[in-house]
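*Asks:* sequence first, predicted coordinates after that:
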Amino acid sequence: MTRARREEWILATSNPGKLAEFNNLLSNTNVRLHALDRQSEAPEETGLTFVENALIKARHAADVSGGPAMADDSGLCVVALDGAPGVRSARYAGSGASDQDNLNRLLDELAGVEADRRQAAFLCVIVALERPDDPAPLIASGRWPGLIATEPAGHNGFGYDPVFFDPAAKMTAAEMSPQQKNAASHRSRACGELKRLLRNRAG
């Protein structure tokens with residue numbers, strides 16, 4: 001049996017941790033990801049949805065690299081806040097806000113909101129393009145449902161992880177081991193869908 005030819009793709013990130021995580025999640029495919037050149041200026045994320053922002057980043061990476069590229073956009077959506085922070089999850093407390101600033105604002109916004117109205121979900125969308133003008137991008141999404149706790153717990157993870165409570169695991173994302181989080185996360189679920197799309201495209 002002939003082994004499938006390895007495909008070299010660019011991931012729209014200069015973060016080595018994200019690159020390693022994506023390569024791990026796609027390890028049983030023939031896709032190998034490389035980080036975008038650190039000298040490349042990130043495009044402005046002007047989209048109103050995760051899909052739009054992921055497409056902006058993927059198209060920029062494909063244009064800069066001259067080859068196939070993919071990008072993800074993700075965030076937290078809270079039902080009681082009409083989907084906020086949403087696409088502004090990384091800057092919910094303002095431009096340049098820290099993770100702690102964003103988390104504090106979220107808890108302030110939900111002060112007094114009862115437990116049965118604190119439903120939330122982490123969402124992730126991945127867009128893969130074979131070239132900048134690819135008319136049929138692959139679009140995969142993943143959703144991780146949970147609740148927003150009234151106070152932080154756990155020291156792992158980042159961002160909103162200390163207050164994102166997973167009812168199935170009975171702990172926050174920040175209390176999970178990396179292995180537990182990777183098995184449940186929105187990014188893991190989106191990568192699972194992306195693998196299916198890549199197989200169908202190849203086959």
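*Replies:* Happy to help now that I have it. Numbers count the residues shown, from 1 in each chain.
*Asks:* show me what the helix or strand of the chain with the lowest mean pLDDT is in contact with.
*Replies:* Counting by mean pLDDT, DSSP states H and E, the weakest-scoring helix or strand in the chain turns out to be helix 16-25, with a mean of 86. By Cβ atoms under 8 Å, 6 or more residues apart in numbering, the surrounding residues in contact with helix 16-25 are 11, 13, 32-35, 72, 182, 187-188, 191. Every residue, glycine included, has its C-beta placed from N, CA and C.
*Asks:* again, only using 6 Å
*Replies:* 11, 33, 35, 191 (Cβ atoms under 6 Å, 6 or more residues apart in numbering).
*Asks:* repeat for stretch 63-74
*Replies:* If you take Cβ under 6 Å, 6+ apart as the criterion, stretch 63-74 is touched by 9-12, 40, 50, 53-54, 57-58, 61-62, 124-130, 132.
*Asks:* show the average pLDDT along that stretch.
*Replies:* Model confidence over stretch 63-74, given as mean pLDDT, is 94.
*Asks:* quick one: that stretch to chain centroid distance?
*Replies:* Averaging C-alpha coordinates over stretch 63-74 and over its chain gives two centres that are 14 Å apart (Cα atoms, centre = their mean, to the nearest Å).
*Asks:* just for the protein, where's the confidence low?
*Replies:* Across the chain, the stretches falling below the confidence threshold (pLDDT under 70) are 1-4, 38-39, 202-203.
*Asks:* which residue ranges form the strands in it?
*Replies:* Counting by DSSP state E, the segments of the chain that form strands are 7-11, 31-35, 69-78, 119-129, 138-148, 164-166, 171-172.
*Asks:* adding mean neighbour count, write those strands out as a markdown table.
*Replies:* Putting these into a markdown table (neighbours: other Cβ atoms under 10 Å) gives the following:
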| stretch | mean neighbour count |
| --- | --- |
| strand 7-11 | 19 |
| strand 31-35 | 17 |
| strand 69-78 | 25 |
| strand 119-129 | 24 |
| strand 138-148 | 19 |
| strand 164-166 | 23 |
| strand 171-172 | 20 |
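*Asks:* output the ones you listed as a markdown table; include the columns distance to residue 199.
*Replies:* Supplementary listing: the strands of the chain in a markdown table, determined by distance: least, Cβ to Cβ, whole Å:
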| stretch | distance to residue 199 |
| --- | --- |
| strand 7-11 | 12 |
| strand 31-35 | 11 |
| strand 69-78 | 15 |
| strand 119-129 | 13 |
| strand 138-148 | 11 |
| strand 164-166 | 29 |
| strand 171-172 | 33 |
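*Asks:* and the furthest pair within the contacts of helix 16-25?
*Replies:* Distance extremes for these: the farthest pair is 35 and 191 at 16.8 Å, using Cβ to Cβ.
*Asks:* in contact with residue 147, which residues?
*Replies:* Applying Cβ under 6 Å, 6+ apart, we find residue 147 in contact with 118, 165.
*Asks:* could you give the bridge partners of it?
*Replies:* Here residue 147 shows beta-bridge partners residue 119, residue 165, assigned using DSSP bridges.
*Asks:* can you give me the distance of residue 125 to residue 35?
*Replies:* According to Cβ to Cβ, to the nearest Å, residue 125 and residue 35 sit 20 Å apart.
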